[in-house]
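what's the 3D shape of this:
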Amino acid sequence: MTAGSRGDVAPYTGLGHALSRAGHEVTLVTHGCFEGLVAESGVRFHPLPVDPRAELESERGRSLHRSGTGLGKLVRVVELARNLAGSLTDDMLTAARSSDALLLAPSTAPLGRVIAEGLSLPSIELPLQPLAPTREFAPAMLGGGSWGGLGNRLAGHGVNLAIERVFSAAVPDARARVGPARGRARPPRRGPVLHGFSPLVVPRPRDWDPHLRVTGYWWPYDGDTRLPSELRDFLDAGPPPVFVGLGSATVPDPAGLSATVVRALRTAGLRGVIQRGWGGLEAAGDDVLTIGEVPHSGLFPRMAAVVHHCGAGTTAAGLRAGVPAVPVPIQFDEGFWAARLVGLGVAPYALPLRRFTAEALTAAVRRVTGDPDYGRRARVLAEGLRAEDGTAPVLDAVHRLGE
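As a prediction, the model looks like this:
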């Protein structure tokens, strides 16, 4: 069960496919707009209401851009999500009633835990970001960094309270509807919290409890990674281009941002592949091509570098491809992943959207494509990531639920 943007869904398609291949009957419960994405993985689908893109494009969603700090954006998104959380209950309950276990993304976990308890179902939580408080870094949802050991930990608890607030009205309603746990003297088993990122990228914090584990990435199920013919022709027609995409992030001025990107790439003497995304980027010319959704696993290995918003999934895809990056964090955990890319030596520095100018982007892409050390470090890290199997610990945990 997961809610949010494409990046909150895609990794679970690969995980669901792995569970299915191991003999489990798997249903991915998420927004109806992602039915096509889920169908390709071969797992079952149960729709949740709410169109996340429409919400981001609404007046309430656009208000996120009026906050200049991570804390301000978090406050606004909590209130946005809180108004929508209750609408998920009916379909989450329906899906749960025909299930033997619930695997919960953080965006559904507070509500899912109540449903699992009421229906006496075991559950496992599967975050894509480090959400548990730690002294080692500030909360990922606030951009990471460090506020000192005590400050980091206190802020982590604060963020988790904010997440719980999203469901503060929906949880009592769900608890009343499912009633007390049925027919068991003890509560249903809750498995470990398994994090779907690599310890090579974010080492497991030393002060985490033993049940908090880091498994490695869950790669989206891509199936046929063959690229569209127009894109293949463009790639074959010249040297590797630079990818520019902001995924499911929205921006206040898509046309202006697109023009800035094209101007920067042309000044740097580089070709570009620009992904339209939810921000609506668009450009044309012999040296640039605008594309829709394509599998990053098929596209990124053919790029000279990737310029992206640093969503957890896009960050992982770039690392998997072994190409250097220019991080353009916009909100929430994107600043955290941007800092990780810089720390790993596969990106020169972060270029937040508020400092995104043609001159700044020109300098960044020239540096990341002109210094071979960025590409070398990216390729070495990619080899390590490909040696991991992030799905194996989840399969093991699911099997243990039945013991």
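
Can you report how many residues lie near V342?
Look at V342: counted by other C-beta atoms under 10 Å, it has 15 neighbours. Every C-beta, even on glycine, is put in place using the N, C-alpha and C of the backbone.

So it is in contact with V326, correct?
No - applying C-beta atoms under 8 Å, one finds V342 not in contact with V326, separated by 10.3 Å.

hey, what's in contact with both of these two?
Residues touching both V342 and V326 by C-beta atoms under 8 Å, 6 or more residues apart in numbering: P348.

Chain neighbours aside, what residue packs nearest to F336?
Once flanking residues are discounted, F336 sits nearest to G144: 3.3 Å by C-beta to C-beta, 6 or more residues apart in numbering.

Now do the contacts for the one you found.
F137, A138, D333, G335, F336, A339, R340.

how close does the second one sit to S5?
The reference is to A138. A138 sits 23 Å away from S5, going by C-beta to C-beta, to the nearest Å.

Have a look at these two and say which one is more surrounded.
Neighbours were counted for A138 and for S5 using other C-beta under 10 Å; A138 has more, 24 against 19.

Phi, psi for the more buried one please.
The main-chain torsion angles of A138 are listed as degrees, to the nearest 10 and equal phi -70, psi 160.

show me the contacts for it.
G144, G145, S146, W147, G151, N152, A155, G156.

For the helix or strand hosting G14, which helices and strands make contact with it?
Element membership of G14, judged by DSSP states H and E, is helix 10-21. Judged by 3 or more C-beta pairs under 8 Å, 6 or more residues apart in numbering; DSSP states H and E, helix 10-21 is in contact with strand 27-31, helix 35-39, helix 312-321, helix 391-401.

The helix or strand that the third one is followed by pairs with which strands, parallel or anti?
The reference is to helix 312-321. Heading C-terminal from helix 312-321, the first helix or strand you meet, by DSSP H and E, is strand 325-327. Within its sheet, and counting by DSSP bridges, strand 325-327 is paired with strand 305-308 (parallel).

So what's the gap between the strand it pairs with and the chain middle?
16 Å (C-alpha atoms, centre = their mean, to the nearest Å).

Run through who's touching stretch 333-340.
With C-beta under 8 Å, 6+ apart, stretch 333-340 has contacts from 70, 129, 137, 140-145, 201-202, 249, 309-312, 315, 327-329, 347, 350, 352.

Okay, buried residues for that stretch please.
Buried residues in stretch 333-340, counted by 16 or more other C-beta atoms under 10 Å: D333, E334, G335, F336, W337, A338, A339, R340.

just stretch 287-301 next, same as before
For stretch 287-301, by 16+ other C-beta under 10 Å, it's D287, V288, L289, T290, I291, V294, P295, H296, G298, L299, F300.

how far out from the middle of the chain is that stretch?
18 Å.

avg pLDDT for it?
If you average the pLDDT over stretch 287-301, you get 93.

ok, now stretch 40-53?
85.

Stretch 267-281 now?
Mean per-residue pLDDT for stretch 267-281: 93.

What's the end-to-end length of that stretch?
19 Å (C-alpha to C-alpha, to the nearest Å).

Give me the distance from that stretch to the chain's centre.
Worked out by C-alpha atoms, centre = their mean, stretch 267-281 lies 21 Å from the chain centre.

hang on, the earlier thing: widest-spaced pair of the contacts of G144?
Greatest spacing in the contacts of G144, by C-beta to C-beta: A138 and R340 (13.0 Å).

buried set for the longest helix seen in the chain?
Ranked by residue count and defined by DSSP state H, the top helix of the chain is helix 149-166. When burial is assessed from 16+ other C-beta under 10 Å, helix 149-166 yields the following buried residues: N152, R153, A155, G156, V159, N160, A162, I163, R165, V166.

Okay, now the unreliable bits of this structure?
53-85, 180-187, 403 (pLDDT under 70).

between the contacts of A138, which is closest to M92?
M92 has its nearest neighbour among the contacts of A138 in G156, at 26.1 Å by C-beta to C-beta.

out of everything not next to it in sequence, what's closest to that closest one?
G156 sits nearest to P133 (C-beta to C-beta, 6+ apart), 2.8 Å away.

secondary structure element for the one you found?
Using DSSP H and E, P133 falls outside every helix and strand.

burial measure for it, as a count.
20.

out of the helices and strands packed on helix 10-21, deepest packed?
Among the helices and strands packed on helix 10-21, helix 312-321 has the highest mean neighbour count (mean count of other C-beta atoms under 10 Å), at a mean of 26.

Next one: V26 relative to L111, how far apart?
Counting by C-beta to C-beta - V26 and L111 are separated by 20 Å.

out of these two, which sits in the busier spot?
Legend: neighbour count by other C-beta under 10 Å for V26 and L111, higher for L111 (25 against 22).

Ramachandran coordinates for the residue lying closest to the more buried one once chain neighbours are set aside?
In space, L111 comes closest to F167 once its chain neighbours are excluded; the distance is 5.1 Å by C-beta to C-beta, 6+ apart. For F167, the backbone dihedrals are phi -110, psi 20 (criterion: degrees, to the nearest 10).
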